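S.K.: The following comprises the amino acid sequence and a computationally predicted model.
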Amino acid sequence: MDWIKTINNSIAYMEDNLTEAITMNDIAEHVNLSVFHFHRAFSMLTEMSPTEYLRKRRLSQAGAELVNGDGKVIDIALKYGYETPESFTKAFTRFHGISPMQAKKGSPVQFMSRYTVKIAIEGGQIMEYKIEKMEAMDLLVRAKSFHAETSETEIPKFWDEYLADEECRKVPCYLGVCAQQKTAGDEFKYGIGCKASDVNGVPAGFEIIHIPEYTWAVFKCVGPSPDAIQEMWDKIYKEWLPVSEYELIPDYDIENYLPGDPSSKDYVSEICIPVRSNK
């Protein structure tokens, strides 16, 4: 998959539908991705969530219309998806620093131009990875469903809950696994646990996730957790996937937390993503 082209296509779709009631599901489906993968790729390549981009572009256009036209505030509010003048005024003031009525009277407004994503060639940082074929495996996990928009804050809370639960601590927790198959919804499953062979049976509250046989790209992350993992995800989407001879298979990905002190600058963890050759 050409990630740069895909994200630019998603931007074009949003720009064509600034005045329509589109959802993240609609955008992700338009570019043939799960909401999880679309949200992750868009956020990492633009450093802004798709929801934030859509909101800011709508408010930018609304400001331009108020300054340049004779439209009523209520009509422009409804046009850009706000149900009441009050909700529009609150969002508009937060973005522009002035009220819609001040904009109509000629006060300057903010403008955010349309994004275009391009590959930027920057300093030659080393990314250590290997391509490895792995047999199918079963993972034993405590799992929950998350929304793509809130997962970055909710998943760390889930880890805290896991580590605070005495029953959970009876199961090793060196793996974090995302199950992000393409679905019609905006949720994905995230599990914490280990290989099923490490534990006898399936404890209450846990489940088995079956991972098919895949070829995996395994990236070495060095540094305190979770910062090193998060930085590597950023590099994978910004630097590796756009130019690699491999493309991501949108199914599962695994974070492997190896033994050691997770707060150490020398701590090693891994990101494993299923891939196939794009040649």
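M.R.: Thanks, I have the structure now.
S.K.: so what's residue 254 up against?
M.R.: The neighbours of residue 254, taking C-beta atoms under 8 Å, 6 or more residues apart in numbering as the test, are 175-178, 211, 271-272. For glycine as for every other residue, the C-beta is placed from the backbone atoms N, C-alpha and C.
S.K.: ok, these vs residue 219, which is closest?
M.R.: In terms of C-beta to C-beta, no member of the contacts of residue 254 lies closer to residue 219 than residue 271, at 4.5 Å.
S.K.: secondary structure class for residue 203?
M.R.: coil (DSSP: H, G, I helix; E, B strand; the rest coil).
S.K.: Roughly how far does the closest residue to it other than its chain neighbours sit from residue 73?
M.R.: Nearest in space to residue 203, with sequence neighbours left out and distances taken as C-beta to C-beta, 6 or more residues apart in numbering, is residue 171 at 6.2 Å. Residue 171 sits 56 Å away from residue 73, going by C-beta to C-beta, to the nearest Å.
S.K.: so residue 274 bridges to which residues?
M.R.: residue 216 (DSSP bridges).
S.K.: give the contact list for it.
M.R.: By C-beta under 8 Å, 6+ apart, the neighbours of residue 274 are 214-216, 248-249, 251-253.
S.K.: what are the ranges of the strands in the stretch 151-279 of the chain?
M.R.: 175-179, 187-195, 207-211, 214-222, 246-248, 252-257, 268-277 (DSSP state E, counting those that start in this stretch).
S.K.: Tell me the helix or strand right after the lengthiest helix in the chain.
M.R.: As assigned by DSSP state H, the longest helix anywhere in the chain is helix 50-68. Later in the chain than helix 50-68, the nearest helix or strand by DSSP states H and E is helix 73-79.
S.K.: Give me the contacts around the following helix or strand past that next one.
M.R.: Scanning forward in sequence from helix 73-79 by DSSP H and E, the next helix or strand is helix 85-96. Around helix 85-96, the neighbours that count as contacts under C-beta under 8 Å, 6+ apart are 55-56, 59-60, 62-63, 73-74, 76-77, 80, 82, 99-100, 103, 109-110.
S.K.: which ones are touching the spatially most central residue of the chain?
M.R.: Nearest residue to the geometric centre of the chain (C-alpha atoms, centre = their mean): residue 40, 2.1 Å. By C-beta under 8 Å, 6+ apart, the contact list for residue 40 reads 148, 233, 237.
S.K.: same question, residue 234
M.R.: Applying C-beta under 8 Å, 6+ apart, we find residue 234 in contact with residue 44.
S.K.: tell me the domain boundaries of the protein?
M.R.: Listed by automatic domain parsing, the domain ranges of the chain are 3-104, 129-277.
S.K.: which parts of stretch 268-276 are buried?
M.R.: If you call a residue buried by 16 or more other C-beta atoms under 10 Å, then stretch 268-276 has these buried ones: 268-275.
S.K.: Sketch out the low-pLDDT regions of the stretch 101-250 of the chain for me.
M.R.: For the stretch 101-250 of the chain, the stretches with pLDDT under 70 are 119-126, 181-185.
S.K.: Mind checking what secondary structure residue 127 has?
M.R.: coil.
S.K.: how close does it get to residue 222?
M.R.: Counting by C-beta to C-beta, the gap from residue 127 to residue 222 is 11 Å.
S.K.: same deal with residue 9?
M.R.: Note on residue 9: its distance to residue 222, by C-beta to C-beta, is 35 Å.
S.K.: Show the buried residues in the contacts of residue 274.
M.R.: Buried subset of the contacts of residue 274 (neighbour count, 16+ other C-beta under 10 Å): 214, 216, 248-249, 251-253.
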